[in-house]
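>>> generate coordinates for the sequence data below:
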Amino acid sequence: RNNGLSGTLSKTVGDLPLLEELDLSDNDIKGLVPSEIGDLSELVSLRLSYNELTGTMPGDFFANLTKLRLIQLHRNRIRGMIPPLIWTEEKAHLPILSNYTSSFIADCGNPSDFEVSLKCTECTMCCNAQGDCYPNGGTDIQKMGITNYTYFSLVYFASFASISLILVLIMSVFNRKKYQHLPRMSIRQLSEKDHKYALHSLGADSVY
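Next up is the predicted model:
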């Protein structure tokens, strides 16, 4: 973890059949998640978060990983759908992932960096494009049908503009009613009134 690693993950990672914990989080690893990780049947903990991993994951990625208790894939660029876990009777005797809020995390939150957000039906926690993470199950933003950051921004500014326009209209109506009882004077009446006021203030003999 946080070892300053870069480059891509080698497929030879699958040659470690007795490996129980794989923690490569907080590095600068790019490219695809090797499908060979799915051959590590003894793996209990898989941490690949905070890297630059891209692409999609094979549908049977977790088929042989029946001992997994911790999966952290968030803060990457993985797209599509996180494949489902394979539940077995053997695994049922182990701490079940769903009992722990942070046991299975991916970038399945909204707003998303992508037009179509990452799908993960079994994730216990989802992270979004703003770096916020929350228990999987739907937030207020998701319930509004907002699925990406651009759409969220448009909705926010459209709402702000609408509220501002309504306030301007209300103030306009209020001011019109406030001053409608005042007597109306023509431009000529106002000019004569101002002229008399000037003569009274300066004097009839003033050069002005």
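>>> sticking with residue 54, tell me its helix or strand.
Using DSSP states H and E, residue 54 sits within strand 52-55.
>>> and that strand, what does it pack against?
If contacts are counted by 3 or more CB pairs under 8 Å, 6 or more residues apart in numbering; DSSP states H and E, strand 52-55 sits against strand 28-31, strand 77-78. Quick note: C-beta positions are derived from backbone N, CA and C, even for glycine.
>>> just name the most buried of the ones you listed.
Of all the helices and strands packed on strand 52-55, strand 77-78 has the most neighbours on average by mean count of other CB atoms under 10 Å, namely a mean of 19.
>>> mean confidence (pLDDT) on that one, please.
The average pLDDT within strand 77-78 is 94.
>>> these two touch, right, residue 109 and residue 132?
Yes: counting by CB atoms under 8 Å, residue 132 is a contact partner of residue 109 at 7.0 Å.
>>> more neighbours: the two, which one.
The neighbour count for residue 109 versus residue 132, taken as other CB atoms under 10 Å, is higher for residue 109 (26 against 11).
>>> contacting residues for the spatially closest residue to the more buried one that is not a sequence neighbour?
Distances taken as CB to CB, 6 or more residues apart in numbering put residue 128 closest to residue 109, at 3.3 Å, once the chain neighbours are dropped. Remark: with contacts taken as CB atoms under 8 Å, 6 or more residues apart in numbering, residue 128 is in contact with 107, 109, 110, 111, 112.
>>> helix or strand next in line after the strand holding residue 54, which one?
strand 70-72.
>>> just the residues contacting that following strand, thanks.
By CB under 8 Å, 6+ apart, the residues outside strand 70-72 that reach it are 25, 44-49, 97, 102-106.
>>> again, only using 10 Å
Residues outside strand 70-72 that contact it (CB atoms under 10 Å, 6 or more residues apart in numbering): 21, 23, 25, 43-50, 62, 65, 82, 85, 95, 97, 100, 102-106, 120, 122-125, 127.
>>> what subset of those residues is buried?
Among these, those scoring as buried are 23, 25, 43, 45-50, 62, 65, 82, 85, 97, 103-106, 120, 122-125, 127 (criterion: 16 or more other CB atoms under 10 Å).
>>> what pairs with the strand holding residue 54, parallel or antiparallel?
Using DSSP bridges, the strands paired with strand 52-55 are strand 28-31 (parallel), strand 77-78 (parallel).
>>> any stretches of the protein with poor pLDDT?
Low-confidence segments of the chain (pLDDT under 70): 1-2, 86-100, 138-153, 155-156, 177-208.
>>> let's go with 80 and repeat that
Low-confidence segments of the chain (pLDDT under 80): 1-3, 86-101, 137-158, 160, 172-208.
>>> out of the strands paired with strand 52-55, which comes closest to residue 11?
The closest of the strands paired with strand 52-55 to residue 11 is strand 28-31. By CB to CB, the value is 10.9 Å.
>>> so which residues make contact with the closest one?
Residues outside strand 28-31 that contact it (CB under 10 Å, 6+ apart): 4-9, 48, 50-55, 76-77.
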